[in-house]
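Visitor: quick one: sequence plus predicted model below, questions after.
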Amino acid sequence: MKHLTSYISMLAGILLAGMVSQSCSGDDDSRESQHNGSIYGLVTDYATGHPVQYANVQLRPTGETTLTGLDGMYEFRYLANGTYYITVSKAEYSELKDDYPIDVVSGQSRRRDVQIEALPVYISIKDMMGNPLTELDFGSNPSLNLLAFNVFNNGTVPVRSIAVYSCDWMSVTPSTCDIDPGRSAMFTVQLDRTKLPAGSNSTQLYIQTGNGSNVIEVRAVGGYAKPEVLTLPITYIDGNVTPWSNTFHAKVNNAGNPEYTNRGFCFSSTNSEPTVNGSNCTNVNVVGTGVGEYSYTYWDFPPQTTLYFVRAWVKWNNQIEYGNIQQFVYNDV
């Protein structure tokens with residue numbers, strides 16, 4: 001009888017343990033059946049298509065949040081059956097409140113990929129006084145070959161600005177520049193008029209960044225050219241009539257564009273490189289313009305052994321262009 005009682009007690013224990021085990025197993029199955037749906041997806045940049053790292057993804061209506069990884073992926077697990085939506089946000093991007101319904105069913109994963117758009121970095125171009133600037137006009141003045149402007153970063157993040165253009169008659173310095181938020185950088189445009197086609201010229205200069213750009217028009221009038229003048233050999237008048245005179249000669253091969261306005265000779269017996277306003281130099285003007293030869297006869301009574309240096313010049317664009325240097329001994333008859 002004692003053995004029968006022990007056997008019955010053992011059998012009851014086994015049955016009770018089975019019931020407890022079955023009850024716990026039922027709770028687990030119930031939890032899995034209600035919470036094993038999931039949502040995952042990829043967040044990319046609208047402009048570039050690149051994955052967006054560490055973007056904040058919020059699940060609506062639960063409010064649960066997660067971050068995208070280095071690959072731009074996000075995931076929500078153990079979701080109850082139902083309809084969900086996501087909101088994606090990140091600094092420097094417009095918030096995306098996605099209204100596409102994501103229906104979660106037990107035991108299934110739903111994928112929802114989205115793109116977010118970077119906020120535009122506002123790059124403004126201004127003159128040196130801080131006024132808005134849309135063009136640089138070099139005009140036809142051959143002495144105007146350098147102009148500058150400022151690029152302002154009115155955004156909230158640093159940007160790398162790159163000058164982009166397609167013509168060979170100008171250069172921009174610097175070509176690349178990093179600009180912090182709220183700061184500016186100066187760019188200069190150098191014009192090479194020797195490469196500038198004749199007539200009116202216009203090109204677009206773009207200041208590009210990773211998140212936006214701006215443009216300025218550069219204009220210039222071509223046809224610029226320096227005049228060309230040569231100093232010809234000096235001739236001497238017969239000493240029987242005018243024994244103390246010598247004649248200088250010059251030839252203008254190119255009148256320049258714009259055309260030169262004045263011409264003449266400068267010479268000296270002590271300065272081997274005479275100039276119009278040089279020390280110990282004599283300067284004379286000769287009336288006339290255009291291409292061709294001109295001359296001037298010099299009269300004096302110096303010793304016949306005095307060596308002179310002479311060269312022709314033309315005044316062009318408020319500067320002097322000189323010819324080569326000729327030498328002579330005064331009235332070497």
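Guide: Ah, there it is. Numbers count the residues shown, from 1 in each chain.
Visitor: per-domain residue ranges of the protein.
Guide: Using automatic domain parsing, the domain ranges for the chain come out as 28-116, 123-222, 228-329.
Visitor: and the shortest one, average pLDDT?
Guide: Confidence over domain 28-116 (mean pLDDT, whole number) is 90.
Visitor: from Thr156, how far out is Pro181?
Guide: Using CB to CB, to the nearest Å, we find Pro181 at a distance of 5 Å from Thr156. C-betas here are computed from N, CA, C, even on glycine.
Visitor: if you could redo that for Asn145, that was the one I meant.
Guide: Taken as CB to CB, the span from Asn145 to Thr156 is 37 Å.
Visitor: the more surrounded of these two?
Guide: The neighbour comparison of Asn145 against Thr156 (other CB atoms under 10 Å) goes to Asn145, with 16 against 12.
Visitor: my read is that that one contacts Thr194, right?
Guide: No. Contact status for Asn145 versus Thr194: not in contact, 10.3 Å apart, counting by CB atoms under 8 Å.
Visitor: in the helix or strand containing Lys315, what counts as buried?
Guide: Under DSSP states H and E, the secondary-structure element containing Lys315 is strand 307-316. For strand 307-316, the neighbour count (16 or more other CB atoms under 10 Å) marks 308-316 as buried.
Visitor: now Pro142. Nearest residue, chain neighbours left out?
Guide: Tyr224 (4.5 Å; CB to CB, 6 or more residues apart in numbering).
Visitor: gap between that neighbour and Ala250?
Guide: Counting by CB to CB - Tyr224 and Ala250 are separated by 23 Å.
Visitor: those two: which has the busier surroundings?
Guide: Between Tyr224 and Ala250, counted using other CB under 10 Å, Ala250 has the larger neighbour count: 25 against 21.
Visitor: what sits against the nearest residue to Leu307 once chain neighbours are set aside?
Guide: Setting aside the residues directly before and after it, Leu307 is nearest to Val329 in space (CB to CB, 6+ apart), at 5.7 Å. Val329 makes contact with 304-308, according to CB atoms under 8 Å, 6 or more residues apart in numbering.
Visitor: quick check: closest non-adjacent residue to Ser200.
Guide: Val221 (5.7 Å).
Visitor: burial count for the one you found?
Guide: Residue crowding around Val221 was assessed by other CB under 10 Å; the count is 18.
Visitor: quick check: which element contains it?
Guide: Using DSSP H and E, Val221 falls in strand 212-222.
Visitor: give me the low-pLDDT residue ranges for the stretch 101-250 of the chain?
Guide: By pLDDT under 70, the low-scoring segments of the stretch 101-250 of the chain are 121, 211, 237-244.
Visitor: go again with 90.
Guide: Applying pLDDT under 90 to the stretch 101-250 of the chain flags residues 107, 118-123, 130, 140-143, 154-159, 181, 193-200, 208-214, 221-226, 235-247.
Visitor: thinking again about what came up before, thought the residue nearest to Ser200 was touching Pro142?
Guide: No. The pair Val221 / Pro142 is not scored as a contact, 9.8 Å apart, by CB under 8 Å.
Visitor: show me the strands in the stretch 151-300 of the chain, by range?
Guide: 159-164, 170-173, 176-179, 184-191, 199-209, 212-222, 228-236, 245-254, 262-268, 282-285, 292-299 (DSSP state E, counting those that start in this stretch).
Visitor: just name the most buried of those strands.
Guide: strand 262-268 (a mean of 22; mean count of other CB atoms under 10 Å).
Visitor: could you name the helices and strands sitting against that one?
Guide: Helices and strands touching strand 262-268, by 3 or more CB pairs under 8 Å, 6 or more residues apart in numbering; DSSP states H and E, are strand 245-254, strand 282-285, strand 292-299, strand 307-316.
Visitor: which of those sits closest to Tyr93?
Guide: strand 307-316 (58.0 Å; CB to CB).
Visitor: partners of the following helix or strand past the closest one, with directions?
Guide: Under the assignment DSSP H and E, the closest C-terminal helix or strand after strand 307-316 is strand 319-329. Strand 319-329 has its sheet partners listed here by DSSP bridges as strand 307-316 (antiparallel).
Visitor: list of residues touching the strand it pairs with?
Guide: Strand 307-316 is contacted from outside by 226-227, 229-231, 234, 246, 248, 250, 252, 256, 258-269, 271-274, 276, 320-330, using CB under 8 Å, 6+ apart.
Visitor: tell me the angle that strand makes with strand 262-268.
Guide: With axes from the mean of the first three to the mean of the last three CA atoms, to 10 degrees applied, the angle from strand 307-316 to strand 262-268 works out at 160 degrees.
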